[in-house]
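Student: Just to be clear, the model below is a prediction. Sequence and coordinates:
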Amino acid sequence: MLQIDHISKSFPAGRGQHTMVLDDIVLNVDEGQSVGLVGESGSGKSTIIRCALGLTRPDSGRVSYSGIDVHRSSRFDTLRFRRDVQLVFQDPYASLNPRMTVEELVSEGLLVHKLETTAAGRRARVVEMLAMVGLGEEALTRYPRSFSGGQRQRIAIARAVVIRPKLLICDEPVSALDVSVQAQVINLLQDMQKQLGLGILFVAHDLAVVRHLCTTVAVLERGRIVEHGTREQVFDTPQHAYTQALLKAVPIPDPAVGRARRAERQLAP
Amino acid sequence: MTLVLPTAAPRRKANFTAYELTVFGVVVALFLLALIGPMIAPADIYTSNMLETLLPPSAEHWLGTDDQGRDIFWRLVAGSRLSLFATVLVVILYSIIGMIVATLATVGPRWVDELLMRITDIGLSLPGLVVSLGIATVLGPSLQSGIIALALTGWPMTARILRTTMRQTMEQPFVEGARILGVSRTRLMLKHVLPNSLDVLIVKWAGDISFTMLILAGLSFIGVGAQPPSPEWGAMISGARGYMSIAWWAVAAPGAAIVINAVAFALLADILQVRRDPSLQA
Amino acid sequence: MGVDTILTDGIVPAQVRRRPESLLQVDQLSIDIATRDANVRLVDNVSFGIGRGERVALVGESGSGKSVTAQALMRLNSRVKLSGRVQFDGTDLLSLSPRQMTAMRGQRMGMVFQDPMSSLDPLMTIGDQVAETLRIRGVSKREARQRALDVLDELKVERAAERLDSFPHEFSGGMRQRVVLAMALVGEPHLLIADEPTTALDVRVQERVLDLLDEISRRRSLAVLLITHDLGIVAGFADRVMVMYSGRIVEENEATLLFAEPQHPYTRGLLEAVPRADITVDRLRSISGAPPAPAARPSGCTFHPRCDHAMAVCTSVEPGETITPLGARVRCHLYGEG
């Protein structure tokens, strides 16, 4: 469905120098598939997202969606692409227009893509969508500021999913949330994927969340994908040294594991 | 994790100080006066009464009379609608021009932005009063001319400030999100960018009213704005300056009216500024 | 040293557990803040102790009061009102004058924050900043510089001698955090309070910083109060864990026991809600709702609206403290007399 085909991107770094941000990235997301992209800060995660969404043009290679070149498409194709591929942002405080009510926010996609032509039809769809993300009808007339972070992220998901996209790109969707709220949003994304057959590209630094949500995983190190495989391959038998190092560093909420690892590191030269 | 203090609770209740309430009260009163002034003023303020010319302030004529024997207090009251509403109209007109310019510069291709901002720079570098004087003279001296002249020269600052803010708003994730959703450029501007950029103008508006009122009165005083016998305040000063040496009150009273209005709106601007940015609080 | 730890850290009954000599004792600490409208209690009657050389974690979400508690121990936030008792090494911290408190902060208690950049002066060299605490105490320039160098070496800052004269912006995030640690440690404090010290860092850097902290704490017998929202980093580091929810400590136990046998429904919920990188589960158990804001706490047990085990009593009566057979100090009606 989404094909990221050998894209590279570099940015000017002053004095005529260029920094390679993405180096020959190949990544596909098929219909209904959940793909995780793991990387530390500065690994090029956000540039991949921007390229995949057609917001940043790669220097070479191409990004295509169902055969359409995302960066060289007609107006008609672009509109279809905008309907089929949606994004959930990291920060639920900045990703919702503070001056729009929940109803306006969630129905905007329906309006823009003319999926429901009457106000009543749109409202019905919005209410149905809100119920799906666990919010009641009373939310319709309220503004984002009166919701908690977790609720806002549900609204953001509702806004993205209401137009029934085929692919949802998630940019660290739970890292800004309280620990006890993260699971709610992770479960919601899981449900959405199952119920709607949604493809998910889940971009995060948190390996644990990626393991939980994604069946295919790619590991990004400084603009290169160093490991790419099924969840079991990447997590249980990692091949690349970088993946191994990352996995060893992920905190595990089990004192025995934590102490054993520290002992191992301290005994090693 | 960051400490979330309860003061940052979702909706802050507005607790106004006595000083703030006083300023709000005065501003509201000035608006009300402008609204009902011409209705409550006696009819004889527009006609001459040669028996009562240039009387000093007294119980009967609180601020005295002018050379036509008209009561100055009531003329001020009647004229407040002209002065204040003309001022507000000027600010509204040039704000609209500024918004259009800023929006075009924000959405348009780079060369449109460059072109509009160069024009704005030229507008900012020209002495506004002198240009308005020219425009008003060409259009023929009248209050309308003054309004048009000031509207045509006042917009550059609004355009510049708004464009900067709109550019910042464009960078917000929710604007990016709207683009990803497939929102058209017009809707993006009108629904997402503009409403979230106008905050910055609210403070400016109050200050602008204060400033524009002075300039508008200035134009009338020089003789290219409202003309005597109009009770517009600038025109009243202009008409009275000939006999200022024998009837100071005829100049001082409208002058004071302008100052009171200008100061009230300047204070309002100051309060709004502090409210918007609590770090300025003493 | 590591192996040794594993062997002795088995499950030991609470009564026979050897407690280190007390260093910090907090009794009935409450923290209030006056807002425009009302007085809001941020932290409510919190009591705990830290022994010499002991590593204690204070775990909580936003609004739980964990950071305010840390600041209160250092008396850093002048906008809040403190009540209760805080005994540090025999001194009552809440009765000290601001000047005495400043001396205390420099010499006997150190603190590091999440964002290292906010603790560093961009216009001062690393060496000067690390040495500053000592200079204030009247240590000679040469000696202060030498000791700064020693601490940076101890924290494994490579080529520390050359880098004494560089500025914060020349350092990476992890290195900056080490510099901030050096600033806190150069005065050889007995207690280090670390408020989310690794939250802004990548996992591998986080691990390095925690390893360093672990090593130094053992070598110097330095007590550490680690404040965090991340149970994962706590597990490998702390001897004892306190879980804070909505201004109260709801559970406290030895780390091993707390993770193996969490007692409070909130602790249990938290542990089940966090995905793990080492096992695949079908579905996470989530806690419904969100943590309350301090100004809008539910009555009774503040966790009851989110609790699976909530009973009638939970809505109205605030649970007292109970010690369970496993040695956990718990505030929950499921345990104890009621």
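Tutor: Looks like it came in fine. Numbers count the residues shown, from 1 in each chain, chains lettered A, B, ... in the order given.
Student: ok, residue A:33 - contacts?
Tutor: A:199-200, A:215-216 (Cβ atoms under 8 Å, 6 or more residues apart in numbering or on different chains). Where C-beta positions appear, they are placed from N, C-alpha and C, glycine not excepted.
Student: for it, phi and psi?
Tutor: Dihedral pair for residue A:33: phi -90, psi 150, per degrees, to the nearest 10.
Student: one step back: would you list the buried entries among the contacts of residue A:33?
Tutor: Neighbour counting over the contacts of residue A:33 (16 or more other Cβ atoms under 10 Å in any protein chain shown) leaves A:199-200, A:216 as the buried ones.
Student: which non-adjacent residue is nearest residue B:219?
Tutor: The shortest distance from residue B:219 to any non-neighbouring residue, by Cβ to Cβ, 6 or more residues apart in numbering or on different chains, is to residue B:225 (3.6 Å).
Student: Hmm, that neighbour is touching residue B:236, no?
Tutor: No - contact criterion Cβ atoms under 8 Å: residue B:225 and residue B:236 do not qualify, at 11.6 Å.
Student: where exactly do the strands run in the stretch 201-338 of chain C?
Tutor: C:223-228, C:240-245, C:248-254, C:321-323, C:329-331 (DSSP state E, counting those that start in this stretch).
Student: what's the closest of these to chain B?
Tutor: Closest to chain B of the strands of the stretch 201-338 of chain C is strand C:223-228 (Cβ to the nearest Cβ; 8.2 Å).
Student: relative to strand C:240-245, how tilted is the closest one?
Tutor: Counting by axes from the mean of the first three to the mean of the last three Cα atoms, to 10 degrees, strand C:223-228 lies at 40 degrees to strand C:240-245.
Student: what is the mean pLDDT for strand C:223-228?
Tutor: For strand C:223-228, the mean pLDDT works out to 96.
Student: ok, residue C:27 - contacts?
Tutor: By Cβ under 8 Å, 6+ apart, the neighbours of residue C:27 are C:47, C:84-87.
Student: one more time with 7 Å
Tutor: C:47, C:84-85 (Cβ atoms under 7 Å, 6 or more residues apart in numbering or on different chains).
Student: List only those of those residues flagged as buried.
Tutor: Counted by 16+ other Cβ under 10 Å, those give residue C:84 as buried.
Student: okay, now residue 121: neighbour count?
Tutor: Chain wasn't specified; assuming chain A. 13 (other Cβ atoms under 10 Å in any protein chain shown).
Student: was after chain B, sorry
Tutor: The burial count for residue B:121: 12, using other Cβ under 10 Å.
Student: tell me the pLDDT at it?
Tutor: 94.
Student: That one: helix or strand, and which one exactly?
Tutor: For residue B:121, the host element (DSSP states H and E) is helix B:110-125.
Student: With residue A:22 instead?
Tutor: Counting by DSSP H and E, residue A:22 is part of strand A:18-29.
Student: sorry, back to before: how about the buried ones among the contacts of residue A:33 in TSV, adding secondary structure and distance to residue A:163?
Tutor: Converted to TSV, the buried ones among the contacts of residue A:33 look like this (DSSP: H, G, I helix; E, B strand; the rest coil; distance: Cβ to Cβ, whole Å):
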residue	secondary structure	distance to residue A:163
A:199	strand	15
A:200	strand	16
A:216	strand	25
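Student: Out of those, flag the one nearest to residue C:334.
Tutor: residue A:200 (38.1 Å; Cβ to Cβ).
Student: Now do the strands in the stretch 151-269 of chain A.
Tutor: A:167-171, A:199-204, A:216-221, A:224-230.
Student: sorry, back to before: for the contacts of residue A:33, which one is nearest residue C:119?
Tutor: Nearest member of the contacts of residue A:33 to residue C:119, counting by Cβ to Cβ, is residue A:200, at 38.6 Å.
Student: Just the pLDDT at residue B:144, thanks.
Tutor: Looking at residue B:144, the pLDDT reads 90.
Student: Could you check how far it is from chain C?
Tutor: 48 Å (Cβ to the nearest Cβ, to the nearest Å).
Student: Can you pull the residues of the stretch 151-300 of chain C lying near chain A?
Tutor: C:202-204, C:207, C:211, C:214, C:229-233, C:235-237, C:255-256, C:259, C:269-271, C:273-278, C:280, C:283-287, C:290-291 (Cβ under 7 Å from any Cβ of the partner chain).
Student: residues in contact with stretch B:237-250?
Tutor: B:54, B:56-57, B:63-64, B:66-67, B:72, B:220-221, B:223, B:228, B:251, B:254-255.
Student: Can I get it as PDB, trimmed to CA atoms?
Tutor: Coordinates of each C-alpha in stretch B:237-250 appear next as PDB, following Å, rounded to 0.1, in the frame of the first residue of the first chain:
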ATOM      1  CA  ILE B 237     -10.600  73.000  18.500                       C
ATOM      2  CA  SER B 238      -9.800  74.100  15.000                       C
ATOM      3  CA  GLY B 239     -12.800  76.500  15.000                       C
ATOM      4  CA  ALA B 240     -12.000  77.800  18.500                       C
ATOM      5  CA  ARG B 241      -8.300  78.500  18.000                       C
ATOM      6  CA  GLY B 242      -9.100  82.000  16.500                       C
ATOM      7  CA  TYR B 243     -10.400  83.300  19.900                       C
ATOM      8  CA  MET B 244      -8.300  81.100  22.100                       C
ATOM      9  CA  SER B 245      -6.800  84.100  23.900                       C
ATOM     10  CA  ILE B 246     -10.200  85.300  25.100                       C
ATOM     11  CA  ALA B 247     -12.100  82.000  25.500                       C
ATOM     12  CA  TRP B 248      -9.500  79.300  26.500                       C
ATOM     13  CA  TRP B 249     -12.300  76.900  27.500                       C
ATOM     14  CA  ALA B 250     -13.500  76.600  23.900                       C
END
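Student: Pull out the buried positions in that stretch.
Tutor: B:237-240, B:247, B:249-250.
Student: now swap in stretch B:164-183 and tell me
Tutor: B:165-166, B:169-170, B:172-183.
Student: For those residues, work out which two are farthest apart.
Tutor: B:165 and B:182 (24.9 Å).
Student: what ranges do the helices span in the stretch 1-150 of chain B?
Tutor: B:18-40, B:72-107, B:110-125, B:128-139, B:143-170 (DSSP state H, counting those that start in this stretch).
Student: Quick one: closest of the ones you listed to residue A:17.
Tutor: If we rank the helices of the stretch 1-150 of chain B by Cβ to Cβ, the stretch that ends up nearest is helix B:110-125, at 25.0 Å.
Student: who's in contact with the closest one?
Tutor: Contacts for helix B:110-125 (Cβ under 7 Å, 6+ apart): B:101, B:104-105, B:156-157, B:159-160.
Student: Neighbour count, pLDDT and distance to residue C:176 for those - can I get that in TSV?
Tutor: Converted to TSV, the contacts of helix B:110-125 look like this (neighbours: other Cβ atoms under 10 Å in any protein chain shown; pLDDT from 0 to 100; distance: Cβ to Cβ, whole Å):
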residue	neighbour count	pLDDT	distance to residue C:176
B:101	22	96	44
B:104	16	94	44
B:105	23	94	40
B:156	22	94	44
B:157	16	93	41
B:159	26	95	42
B:160	20	94	38
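Student: how about a markdown table for those residues, with distance to residue C:106 added?
Tutor: Converted to a markdown table, the contacts of helix B:110-125 look like this (distance: Cβ to Cβ, whole Å):
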| residue | distance to residue C:106 |
| --- | --- |
| B:101 | 57 |
| B:104 | 58 |
| B:105 | 54 |
| B:156 | 54 |
| B:157 | 50 |
| B:159 | 53 |
| B:160 | 49 |
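Student: For the stretch 101-250 of chain C, which segments count as helices?
Tutor: According to DSSP H, counting those that start in this stretch, the helices that the stretch 101-250 of chain C contains are C:116-119, C:126-136, C:141-154, C:160-163, C:173-185, C:203-220, C:231-235.
Student: Mind listing what's buried along the first one?
Tutor: Translated: helix C:116-119. Neighbour-count burial for helix C:116-119 [16+ other Cβ under 10 Å]: C:116, C:119.
Student: Residue A:232: neighbour count?
Tutor: Residue A:232: 12 neighbours (other Cβ under 10 Å).
Student: The residue nearest to residue B:219: how many residues sit nearby?
Tutor: So residue B:225, with other Cβ under 10 Å, has 30 neighbours.
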